[in-house]
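Chemist: Generate coordinates for the sequence data below:
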Amino acid sequence: MEDDKYNYFYEEDLKNVIRKFERMKKNNENYFFDVIEFENIIDYYIESNNSIRAYEAALLASEQHPNSVSIQLRKARVLLDKGRAVEALRILKTLESIEPGNHEIYVAKGTAMGILGDIQGAKKMFDFALTLDSDEPANILFSITSVLQNLNYYEYLIPYMKKLIELEPDFYAHIYDLAYAYEKTEDFENSISFYLKYLETEPFSDSAWYNLGIIYNKQEDYEKALEAYDYALAINSQNTFAIFNKGNILCNQERYSDAIPVYHEYLENEPDSFEAMTYLAECYEKTGDLVLARKYYHEAIELAPEFAEPWFGLGIISLESGNPEESLIFLRKAVRLDDENPEIWYMLGKAHYARKETKDALRCYREALKLDAYYSEVWTDLGKIILRDGFVERSLPFFEKAYKILGDVPGINYILASFYLHTGRADSSIRHLLLALDGDKEMFRDFHDIFPEKLLTRKMKKILTEYNLR
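Modeler: Purely as a prediction, here's the structure:
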């Protein structure tokens, strides 16, 4: 009987009943539909992602057939799609007392609980649903995994997906979904393993190769990431995400000449990408082609004048070209657009100092260190300025207070060690030097200039030798 009921709806019959429903809504009339017709109308709109029409159909169906379990169940599903889980639960609790053996009710209840954040309650409902119908475990598992995937409960999705793969080992999309779930839970080894297993049977899946590229990139295995992106692009040359990520890896590896054609390729597909335009400009800047660097920074600004990075790039070019006045124009604009970027404050400070505006430079460095207390280059420049301009005695109280607040940050320890050395307080200098070296001994090379050889005590020289820094 069930088969006959659903076979009644051939494609043309469904089209006719949808036309009838649409005509009713357009003319603001009220037609009668039987339960089967309403089931198919609601299902059609749910599958078409037309939540408004699905809700309208569910409300009218409930009015015409208030005692139909299948209609009430669909109404609950529509409410769940709209995020109205509490209302759906009221309906489902009523249906549970009417048909306690209907697994669809418990899957829907689990969905509602998942939406409300009760994942343990949801899991309990899902597990119970699986005990109710031994003939359809794969269908039930598919419903459960779809719900957990949509709600981003990937950790809880994994065991259900494994069971589904056991039941349907030849349905390779399940393996992909499991790989993706492991990726979202940051279990990258298992994710890679299942993506590779999926690719054994579906080697031309550019999305699987692309996802592998993302994982290898996160693992800092950049060569494998590039190889995965190249496979994705060989399969689908229009995979712009793979092109963009490939360019970013090459840029981050300082392979700027290799990155340039990749960004150009991306911009052919996405000409309005101000981020790619900015990264392309940076690549030209790093390879010494300042004309093209300026060109693309300006084009990025035309596309997105409120994006700080191209302003920043132009500021660096001007500063390094010996034009601090022009640099200040660009860097001030950049810092107005992004005042929480310590690098911009640092470069703005350098531009001020290049114009001998020491007070403004120190203010900018202070802002940079407020945002990133471990910014070693700022500490280095700050120390050099203070030593060069003879502000050690006046600055010591500020740094001693900063040390009490920040604690053992290597940069501030190197500064204090140097200042105490310059003021003849060797014991305090040695104490902070040891703290700095224990925190980051390699950073000493950045601060080497503020520890003049002629001021180093014998004990300090011995310490530096022990740390292999002499």
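Chemist: ok, now which ones touch S429?
Modeler: L416, A417, S418, Y420, L421, M460 (C-beta atoms under 8 Å, 6 or more residues apart in numbering). Bear in mind the C-beta positions are built from the backbone N, C-alpha and C, glycine included.
Chemist: Equivalent analysis for E29, please.
Modeler: Counting by C-beta under 8 Å, 6+ apart, the residues that E29 touches are R23.
Chemist: So what does it have for phi and psi?
Modeler: phi -110, psi -180 (degrees, to the nearest 10).
Chemist: Same question for P452.
Modeler: Dihedral angles (degrees, to the nearest 10) for P452: phi -60, psi 140.
Chemist: Tell me how far it lies from R458.
Modeler: 15 Å (C-beta to C-beta, to the nearest Å).
Chemist: neighbour-wise, which of the two wins?
Modeler: Neighbours per residue (other C-beta atoms under 10 Å) separate P452 from R458, with P452 holding more: 12 against 7.
Chemist: now that one: how far from G424?
Modeler: For P452, the distance to G424 - C-beta to C-beta - is 13 Å.
Chemist: hang on, the earlier thing: if you rank the contacts of S429 by neighbours, which is first?
Modeler: A417 (27 neighbours).
Chemist: what sits against that residue?
Modeler: Contacts of A417 by C-beta under 8 Å, 6+ apart are S429, I430, R431, H432, L433, A436, F451.
Chemist: domain ranges for the chain?
Modeler: 169-237, 373-470 (automatic domain parsing).
Chemist: quick one: which of these is nearest I18?
Modeler: I18 lies closest to domain 169-237 among those, at 28.8 Å (C-beta to C-beta).
Chemist: Could you tell me how far that closest one lies from the centre of the chain?
Modeler: 17 Å (C-alpha atoms, centre = their mean, to the nearest Å).
Chemist: do the same with stretch 250-270
Modeler: Put simply, stretch 250-270 sits 21 Å off its chain's centre (C-alpha atoms, centre = their mean).
Chemist: Can you list the buried residues in that stretch?
Modeler: Within stretch 250-270, the residues scored as buried using 16 or more other C-beta atoms under 10 Å are L250, C251, R255, Y256, D258, A259, I260, V262, Y263, E265, Y266, L267.
Chemist: Make a markdown table from the residues you listed and add pLDDT to it.
Modeler: Putting the buried residues of stretch 250-270 into a markdown table (pLDDT from 0 to 100) gives the following:
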| residue | pLDDT |
| --- | --- |
| L250 | 98 |
| C251 | 97 |
| R255 | 97 |
| Y256 | 97 |
| D258 | 97 |
| A259 | 98 |
| I260 | 98 |
| V262 | 98 |
| Y263 | 98 |
| E265 | 97 |
| Y266 | 97 |
| L267 | 97 |
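Chemist: Widest-spaced pair of these?
Modeler: Within those, two members stand farthest from each other by C-beta to C-beta: R255 and L267, at 18.1 Å.
Chemist: Buried residues, the strand or helix carrying I385. List them.
Modeler: For I385, the element it lies in under DSSP states H and E is helix 376-389. By neighbour count on 16+ other C-beta under 10 Å, the buried set for helix 376-389 is S376, V378, W379, T380, D381, L382, G383, K384, I385, I386, L387.
Chemist: Stretch 182-199 too?
Modeler: Y182, E183, K184, D187, F188, S191, I192, F194, Y195, Y198, L199.
Chemist: Dump these to TSV, plus secondary structure and distance to E155.
Modeler: Shown next, in TSV, are the buried residues of stretch 182-199 (DSSP: H, G, I helix; E, B strand; the rest coil; distance: C-beta to C-beta, whole Å):
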residue	secondary structure	distance to E155
Y182	helix	10
E183	helix	12
K184	helix	8
D187	coil	9
F188	helix	15
S191	helix	13
I192	helix	18
F194	helix	15
Y195	helix	18
Y198	helix	20
L199	helix	24
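Chemist: Could you save those as JSON lines and add columns showing pLDDT and distance to T278?
Modeler: Shown next, in JSON lines, are these (pLDDT from 0 to 100; distance: C-beta to C-beta, whole Å):
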{"residue": "Y182", "pLDDT": "97", "distance to T278": "34"}
{"residue": "E183", "pLDDT": "97", "distance to T278": "28"}
{"residue": "K184", "pLDDT": "96", "distance to T278": "29"}
{"residue": "D187", "pLDDT": "97", "distance to T278": "34"}
{"residue": "F188", "pLDDT": "97", "distance to T278": "29"}
{"residue": "S191", "pLDDT": "97", "distance to T278": "31"}
{"residue": "I192", "pLDDT": "97", "distance to T278": "32"}
{"residue": "F194", "pLDDT": "97", "distance to T278": "36"}
{"residue": "Y195", "pLDDT": "97", "distance to T278": "31"}
{"residue": "Y198", "pLDDT": "97", "distance to T278": "35"}
{"residue": "L199", "pLDDT": "97", "distance to T278": "34"}
